[in-house]
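Undergrad: My questions concern the predicted model and sequence given below.
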Amino acid sequence: MTPVSGPRQTSVEALLDEARRLRAKVADADLAAYLSANIVEVLALIDGGEALKLARAIKPRRPRLIRRIDLDYLPPRGRALCAIACALATTHRERALRIALSIAVGDNRDLALRWLTSTLATVNRGEALRVARHIKSSGQRSLALLSVARQVAAVSPRQAERLTEQALRTIRRTKDQRDRAWALTCMLEMIPVTERQHFGDALRQAVEAARSISDDERAHITVLNLLEQVAPHDARAAVEVARGLESDTQRAWVLATIAAALAHTDRRRAQRIADEALEVARGVKKLELREWALASVAEGLATIDRRRALRLARSITDINDRESALESVADAVAASDPAAALRIARTIQDNDLRGWAMQRIVIELMKRDPDKALRVARSIRDRGPDYHHKSLGLQYAAEALARTNHRKAVAVARSIRDPFHRARALIEIASVMLHAATAASS
């Protein structure tokens with residue numbers, strides 16, 4: 001890479017070099033590995049050899065850890081090697097596949113192969129399908145097939161239909177219901193509603209998967225996410241599944257989430273479901289569980305009736321649950337009314353929760369009023385050296401600015417005190433600059 005001659009350089013290479021120097025200051029080994037993967041994602045597009053060297057220096061995960069991580073998460077080494085494989089996919093397909101297959105099981109090889117399949121689908125669907133055949137997880141393989149189907153739909157509708165049917169058959173054979181529920185959640189986002197037969201099949205399978213997950217697993221976030229996707233298309237089925245949950249606290253939480261999912265499409269029904277969720281929450285016998293359930297309902301209510309949600313949140317007697325509820329309401333309101341969310345956030349006494357709320361507000365304000373977003377980010381006060389909400393808020397601001405004013409973005413990034421978040425911001429700015437230069441030259 002090009003040596004940096006001064007601190008004011010803002011070329012892509014200079015920013016990546018600066019990020020690598022900052023990585024050495026990050027004490028946490030996992031965070032340092034994550035930074036390495038981020039650097040590789042950009043470096044792979046300009047210097048594949050150097051990127052591969054850096055990727056292979058990242059410590060691999062042990063295979064047994066794969067079940068502890070999210071199915072849609074690539075650990076640092078897997079992420080880095082996947083980025084290199086995807087960068088090589090259009091020009092050196094065999095080498096790209098070898099690199100992807102070299103990813104350890106513990107680094108989520110199947111997800112990396114799915115991403116490579118999606119990348120190849122844009123240029124060579126035959127090669128994409130060949131890569132998909134190497135995926136062992138039926139959930140990941142079904143999503144890989146569906147990604148190819150979506151890419152070819154415009155030019156080859158018949159093949160797209162066959163691939164979609166194959167993906168649905170594949171997921172139907174999945175024995176692990178949690179994996180199946182997770183994959184179907186993704187499918188409902190990918191299959192257009194206009195494809196009624198395929199969407200209907202995925203919807204029926206989704207409801208079936210949610211019902212079949214055993215009671216001790218039903219509180220899992222996968223079911224919540226699945227019903228959130230089902231609700232706008234089959235609210236009755238989603239509510240029926242939620243009512244079947246044995247735990248009152250989980251039932252209130254899931255019903256409130258379904259209500260929030262319906263807020264923009266069927267407000268009256270959303271209100272009725274929210275009322276039911278509130279009634280269930282108030283019926284929870286143990287005080288500490290009841291307060292938690294009420295906080296969950298307040299979050300769901302925020303997108304339907306902000307004032308009612310605020311009253312509910314403020315009525316909670318336990319200070320921790322009350323503050324958590326206010327943070328959730330501020331978070332839910334941020335997308336539609338950042339100013340109102342900011343007023344709510346400023347009433348939160350807990351520095352940590354207030355910091356989380358203000359981070360989200362910064363993200364939303366950057367779309368409307370970048371100068372105000374920067375002021376909000378700079379006003380965040382962290383509880384101590386182990387809290388980095390201000391740094392993260394400034395990181396979000398710098399990343400958003402990169403798309404319109406990269407020099408100002410770099411200045412904001414360099415003002416971040418925490419080395420991890422400063423490096424993250426610089427890497428994202430380098431990525432935006434690189435893609436802008438590539439687009440301009442093509």
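TA: Nice, I can see it. Numbering: from 1, shown residues only.

Undergrad: What is the longest helix of this protein by residue count?
TA: helix 419-441 (DSSP state H).

Undergrad: Give the buried residues for it.
TA: Within helix 419-441, the residues that count as buried by 16 or more other CB atoms under 10 Å are 419-434. Yep, even glycine has a C-beta here, placed from its N, CA and C like the rest.

Undergrad: Name the nearest of these relative to residue 263.
TA: Nearest to residue 263, judged by CB to CB, of these is residue 428 at 31.4 Å.

Undergrad: Where does pLDDT dip in the stretch 151-300 of the chain?
TA: 214-220 (pLDDT under 70).

Undergrad: At which residues are the helices of it located?
TA: 157-172, 177-190, 196-212, 221-230, 235-243, 248-262, 267-282, 287-301 (DSSP state H, counting those that start in this stretch).

Undergrad: What helices and strands are in contact with the longest helix of the chain?
TA: For helix 419-441, the elements it packs on are helix 12-23, helix 29-43, helix 389-401, helix 406-414, judged by 3 or more CB pairs under 8 Å, 6 or more residues apart in numbering; DSSP states H and E.

Undergrad: show me where the stretch 1-150 of the chain has helices.
TA: For the stretch 1-150 of the chain, the helices defined by DSSP H, counting those that start in this stretch occupy 12-23, 29-43, 48-56, 76-88, 93-101, 109-121, 125-132, 138-152.

Undergrad: any chance of those helices in TSV, plus mean neighbour count and distance to residue 207?
TA: Listed next are these as TSV, based on neighbours: other CB atoms under 10 Å; distance: least, CB to CB, whole Å:
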stretch	mean neighbour count	distance to residue 207
helix 12-23	21	46
helix 29-43	22	37
helix 48-56	18	41
helix 76-88	26	32
helix 93-101	18	34
helix 109-121	25	25
helix 125-132	20	27
helix 138-152	25	17
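
Undergrad: Reformat these as TSV; add distance to residue 165.
TA: Output for the helices of the stretch 1-150 of the chain, formatted as TSV (distance: least, CB to CB, whole Å):
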stretch	distance to residue 165
helix 12-23	43
helix 29-43	34
helix 48-56	37
helix 76-88	27
helix 93-101	26
helix 109-121	17
helix 125-132	14
helix 138-152	9
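
Undergrad: mind checking which of the ones you listed is nearest residue 325?
TA: helix 29-43 (30.0 Å).

Undergrad: Show me what that closest one is packed against.
TA: helix 12-23, helix 48-56, helix 76-88, helix 419-441.

Undergrad: So which of those is nearest residue 301?
TA: Once the helices and strands packed on helix 29-43 are compared by CB to CB, helix 419-441 is nearest, at 32.7 Å.

Undergrad: Could I get the average pLDDT for the closest one?
TA: For helix 419-441, the mean pLDDT works out to 93.

Undergrad: List of residues touching it?
TA: With CB atoms under 8 Å, 6 or more residues apart in numbering as the test, helix 419-441 has contacts from 12, 15-16, 18-19, 22-23, 25-26, 28, 31, 35, 38-39, 41-42, 45-46, 388, 391-392, 394-395, 398-399, 402-403, 406, 409-410, 412-414, 416.

Undergrad: quick revisit: of the buried residues of helix 419-441, which is the nearest to residue 279?
TA: Nearest member of those to residue 279, counting by CB to CB, is residue 421, at 42.9 Å.

Undergrad: That closest one and residue 98, how far apart?
TA: 35 Å (CB to CB, to the nearest Å).

Undergrad: before we move on, the earlier item: could you dump the helices and strands packed on helix 419-441 to a markdown table with distance to residue 53 and mean pLDDT?
TA: Formatted as a markdown table, the helices and strands packed on helix 419-441 follow (distance: least, CB to CB, whole Å; pLDDT from 0 to 100):
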| stretch | distance to residue 53 | mean pLDDT |
| --- | --- | --- |
| helix 12-23 | 12 | 96 |
| helix 29-43 | 9 | 95 |
| helix 389-401 | 27 | 93 |
| helix 406-414 | 25 | 95 |
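
Undergrad: Could you export those helices as JSON lines, including distance to residue 281?
TA: Below are the helices and strands packed on helix 419-441 laid out as JSON lines (distance: least, CB to CB, whole Å):
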{"stretch": "helix 12-23", "distance to residue 281": "45"}
{"stretch": "helix 29-43", "distance to residue 281": "37"}
{"stretch": "helix 389-401", "distance to residue 281": "29"}
{"stretch": "helix 406-414", "distance to residue 281": "42"}
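
Undergrad: Of all those helices, which one comes closest to residue 344?
TA: Comparing the helices and strands packed on helix 419-441 by CB to CB, helix 389-401 comes nearest, at 16.1 Å.

Undergrad: now the angle from the closest one to helix 406-414?
TA: 170 degrees (axes from the mean of the first three to the mean of the last three CA atoms, to 10 degrees).

Undergrad: Output the contacting helices and strands for helix 389-401.
TA: helix 351-365, helix 370-379, helix 406-414, helix 419-441.

Undergrad: Please consider this matter closed, and thank you.
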